[in-house]
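Fold the following.
(2 chains)
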Amino acid sequence: EAGVVQSPRYKIIEKKQPVAFWCNPISGHNTLYWYLQNLGQGPELLIRYENEEAVDDSQLPKDRFSAERLKGVDSTLKIQPAELGDSAVYLCASSLGGSKNIQYFGAGTRLSVL
Amino acid sequence: GQQLNQSPQSMFIQEGEDVSMNCTSSSIFNTWLWYKQDPGEGPVLLIALYKAGELTSNGRLTAQFGITRKDSFLNISASIPSDVGIYFCAGQNSGNTPLVFGKGTRLSVIA
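Numbers count the residues shown, from 1 in each chain, chains lettered A, B, ... in the order given. Coordinates of the predicted model:
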């Protein structure tokens, strides 16, 4: 069974450019998460989807970040415009839900903003 | 955002030695999780703990959910080179609430 798939694995852009990351969760997982992981830190939640609905986006910087999960399967996270401080790893995770809601992570997209 | 206090930050051990790391929080959690992250990869779940006092093993790994629900530890016995990586603890209050991660313990194993 395929795990959580993310692309691209690496992205280098200049500041003020837009960038988008894509995530395909494990088949059948209704819940999808985007996390930000800065160097030397643990992941921090940006947004959580239940199917196509964003149910927790309180940590998403909405002035420049946006996300969508139109059909309740794959998801895109966008930054426009990117800033130097956005350089980090962006992780996607998915889960089945329920009381023991184990989250499975993708390999992440490493973003470098120059 | 909120993070857990994880220690030590890093450790260097000889192959075959046992390892212990722990995680503390100022607030209680109902679930404690331990993940391992290899370079260039996402975190992979090692052990999940759902009950205060619970002691769970996964091969050479053993983790415990503290009685106060504010701490957890992870032990690795007889370390091997492939144990190298960053170990993260994470706390969660319920299945629908965010995972709160520690800053990780970076483990290096010297052959």
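
Can you report how many residues neighbour residue 27?
Going with chain A. When neighbours are counted by other C-beta atoms under 10 Å in any protein chain shown, residue A:27 registers 9. For the C-beta atoms, the positions are set from N, CA and C on the backbone; glycine is no exception.

not what I meant, chain B
Residue B:27 has 11 neighbours, counted by other C-beta under 10 Å.

By average pLDDT, which secondary structure element in chain A comes out worst?
Least confident helix or strand, chain A: strand A:53-56 with a mean of 92, by mean pLDDT, DSSP states H and E.

Now do that strand: everything it contacts.
With contact meaning C-beta atoms under 8 Å, 6 or more residues apart in numbering or on different chains, strand A:53-56 is reached by A:45, A:47, A:48, A:49, A:67, A:69, B:96, B:98.

Show the contacting residues for residue 52.
All of this is about chain A. Contacts for residue A:52 (C-beta under 8 Å, 6+ apart) come out as A:69, A:70, A:71, A:72.

hm, I was asking about chain B
B:65, B:66, B:67, B:68, B:69.

can I assume it sits in a helix?
No: the assignment for residue B:52, made by DSSP: H, G, I helix; E, B strand; the rest coil, is coil rather than a helix.

neighbouring strands for the helix or strand hosting residue B:88, and are they parallel or not?
Per DSSP states H and E, residue B:88 falls inside strand B:85-92. Looking at strand B:85-92 with DSSP bridges, its partner strands are strand B:31-37 (antiparallel), strand B:100-101 (antiparallel), strand B:105-110 (antiparallel).

Tabulate these in CSV, adding columns for mean neighbour count.
Listed next are those as CSV, based on neighbours: other C-beta atoms under 10 Å in any protein chain shown:
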stretch, mean neighbour count
strand B:31-37, 24
strand B:100-101, 24
strand B:105-110, 17
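
Close to chain A: what parts of chain B are there?
B:1, B:3-4, B:31, B:35, B:40-45, B:48, B:50, B:88, B:90, B:92, B:94-96, B:98-99, B:101-104 (C-beta under 8 Å from any C-beta of the partner chain).

Which pLDDT value belongs to residue B:77?
Listed pLDDT for residue B:77 reads 97.

Near chain B, which residues of chain A are found?
A:4, A:9, A:40-45, A:48, A:55-56, A:59, A:91, A:93, A:97-108, A:110.

The same query, at a cut-off of 7 Å, please.
Within chain A, the residues that sit near chain B (C-beta under 7 Å from any C-beta of the partner chain) are A:40-45, A:56, A:59, A:91, A:97-103, A:105-108.

In a markdown table: the strands paired with strand B:85-92, plus mean pLDDT and distance to residue B:21.
Putting those into a markdown table (pLDDT from 0 to 100; distance: least, C-beta to C-beta, whole Å) gives the following:
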| stretch | mean pLDDT | distance to residue B:21 |
| --- | --- | --- |
| strand B:31-37 | 96 | 9 |
| strand B:100-101 | 94 | 14 |
| strand B:105-110 | 96 | 4 |
